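[1] no FASTA, just this:
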């Protein structure tokens with residue numbers, strides 16, 4: 001099954017980013033294909049490579065890890081601009097893109113899952 005993922009909440013205030021990460025890992029382990037992960041609204045904050053929390057729960061690194069596995073991880077360009085992002089702030093293996101990428105993920109997916117409000 002082909003699954004697309006949308007993340008609407010930022011890191012460390014909500015469980016959405018963690019849940020999305022573990023959902024994707026479980027889906028891959030069961031042989032499903034992830035068409036893409038789109039970080040939208042406050043979800044773009046999950047791609048901030050400058051956030052370096054203590055311990056092992058680095059959300060940006062988790063999304064970078066998924067990107068390194070060949071999964072498209074796209075942060076909304078407009079949402080990032082509204083939040084003061086610069087391109088150099090993005091975590092490795094995460095790109096900026098528009099809503100066209102989100103539409104492509106939805107079109108290519110058998111199921112589409114949203115994490116966040």
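    Good, I have the coordinates. Small disclaimer: the values here were computed from a predicted structure and weren't measured. Residues are numbered from 1 along each chain as shown.

[2] centre of the chain versus stretch 3-19, how much separation?
    7 Å (C-alpha atoms, centre = their mean, to the nearest Å).

[3] touching it from outside, list them.
    The contact list for stretch 3-19 (C-beta atoms under 8 Å, 6 or more residues apart in numbering) reads 20, 23-24, 27, 32-46, 51, 53, 57, 59-60, 62-63, 102, 105-106, 108-117. (Glycine included, C-beta is placed from N, CA and C.)

[4] low pLDDT regions in this protein?
    Judged against pLDDT under 70, the chain has no low-scoring part.

[5] what segments of it are helices?
    Along the chain, counting by DSSP state H, helices occupy 16-29, 59-68, 77-82, 99-108.

[6] dump those into TSV; add distance to residue 90 as well.
    Below are these laid out as TSV (distance: least, C-beta to C-beta, whole Å):
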stretch	distance to residue 90
helix 16-29	15
helix 59-68	8
helix 77-82	8
helix 99-108	14
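
[7] ok, which of those helices comes nearest residue 91?
    Ranking the helices of the chain by distance to residue 91, with C-beta to C-beta as the measure, places helix 59-68 first at 3.9 Å.

[8] for the closest one, buried residues please.
    59-67 (16 or more other C-beta atoms under 10 Å).

[9] closest to residue 2 out of those?
    Residue 2 has its nearest neighbour among the buried residues of helix 59-68 in residue 66, at 15.5 Å by C-beta to C-beta.

[10] who's in contact with the closest one?
    Listed by C-beta under 8 Å, 6+ apart, the contact set of residue 66 reads 21, 24, 34, 37, 73, 93.

[11] deepest of the helices of the chain, which one?
    Mean neighbour count (mean count of other C-beta atoms under 10 Å) peaks for helix 59-68 among the helices of the chain, with a mean of 20.

[12] tell me the angle of it relative to helix 16-29?
    Between the axes of helix 59-68 and helix 16-29, defined by axes from the mean of the first three to the mean of the last three C-alpha atoms, to 10 degrees, the angle is 30 degrees.

[13] any idea how far helix 59-68 is from the chain center?
    Distance, stretch centre to chain centre, for helix 59-68: 8 Å (C-alpha atoms, centre = their mean).

[14] again with stretch 77-85
    On C-alpha atoms, centre = their mean, the centre of stretch 77-85 falls 15 Å from the chain's centre.
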